[in-house]
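# here are the coordinates; sequence isn't available:
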């Protein structure tokens, strides 16, 4: 009885598939979905690929910076006195912002052939009195990133540029800043969550 039932179901399925195929609506000839019609084209050049990476982390990092209230901008996990924690001498949230921006400037001015800002004297960048000033410094660093990305071509990507104590390929330096942004962003979101703030990128 079970075998007959299985054969019957198989026959019904075969009939349904055959009728569908003969009905003139074949998956291969169906009109594309609205999503497929409106999907944006992917980047077509090396410059566009890196520029899109810069934009993605610009949105994440600037969003995180703006999410921290002014009165908590100098927050450090060391102030929480967590038992057995190792947060002594870690950067404050404000220093994470200025350090990220300073590194962006260092990487991307090298690629763009621009001068490093005079107010960058060390790895943490300059100290600012207000949140707005620090965030503007951060935004300015990403503006250099976009200009640096636009210099990239398949021909010059491997060109060696002076960097740190030696040289590195132009593409390595440009993308290296994005990797560093990702690392610092990870720390920023932890600081936000320690203060009961959900990062903007996680609110969807």
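Nice, thanks for sending it over. All values reported here derive from a predicted model rather than from experimental measurement.

# can you say which helix or strand has the most centrally placed residue in the chain in it?
For the chain, the residue nearest the mean C-alpha position is residue 57 (3.0 Å; Cα atoms, centre = their mean). Taking DSSP states H and E as the criterion, residue 57 maps to helix 46-67.

# for that helix, packing partners?
Helix 46-67 makes packing contacts with helix 131-149, helix 170-194 when contacts are defined by 3 or more Cβ pairs under 8 Å, 6 or more residues apart in numbering; DSSP states H and E. Every residue, glycine included, has its C-beta placed from N, CA and C.

# so who does the nearest residue to the residue nearest to the centre of the chain once chain neighbours are set aside touch?
Ranked by Cβ to Cβ, 6 or more residues apart in numbering and with sequence neighbours excluded, the top spatial neighbour of residue 57 is residue 181, at 4.1 Å. Shown in contact with residue 181 (Cβ atoms under 8 Å, 6 or more residues apart in numbering): 57, 60-61, 100, 104.

# cool, and residue 156?
residue 170.

# distance of it from residue 203?
39 Å (Cβ to Cβ, to the nearest Å).

# which residues of the chain score low on pLDDT?
Within the chain, the ranges that satisfy pLDDT under 70 run 1-41.

# give me that answer again for 80
For the chain, the stretches with pLDDT under 80 are 1-43, 204.

# before we move on, back to that, reformat the helices and strands packed on helix 46-67 as TSV; add distance to residue 81.
Formatted as TSV, these follow (distance: least, Cβ to Cβ, whole Å):
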stretch	distance to residue 81
helix 131-149	25
helix 170-194	12
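
# so which of these gets nearest residue 74?
Smallest distance to residue 74 across the helices and strands packed on helix 46-67 (Cβ to Cβ): 9.5 Å, for helix 131-149.

# that closest one: which residues count as buried?
Neighbour counts using 16 or more other Cβ atoms under 10 Å place 131, 134-135, 137-138, 141-142, 144-149 of helix 131-149 among the buried residues.

# now distance to residue 175 too, for the residues you listed, in CSV please.
Output for these, formatted as CSV (distance: Cβ to Cβ, whole Å):
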residue, distance to residue 175
131, 29
134, 25
135, 24
137, 22
138, 19
141, 16
142, 14
144, 15
145, 11
146, 14
147, 15
148, 10
149, 9
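
# with the residues you listed in mind, which one is nearest to residue 114?
Out of the buried residues of helix 131-149, the member with the shortest distance to residue 114 (by Cβ to Cβ) is residue 144, at 6.4 Å.

# and that closest one, how far from residue 112?
6 Å.

# repeat for residue 88
For residue 88, the distance to residue 112 - Cβ to Cβ - is 37 Å.

# give me the more crowded residue out of those two.
residue 112 (18 against 8; other Cβ atoms under 10 Å).

# kind regards, and thank you for your time.
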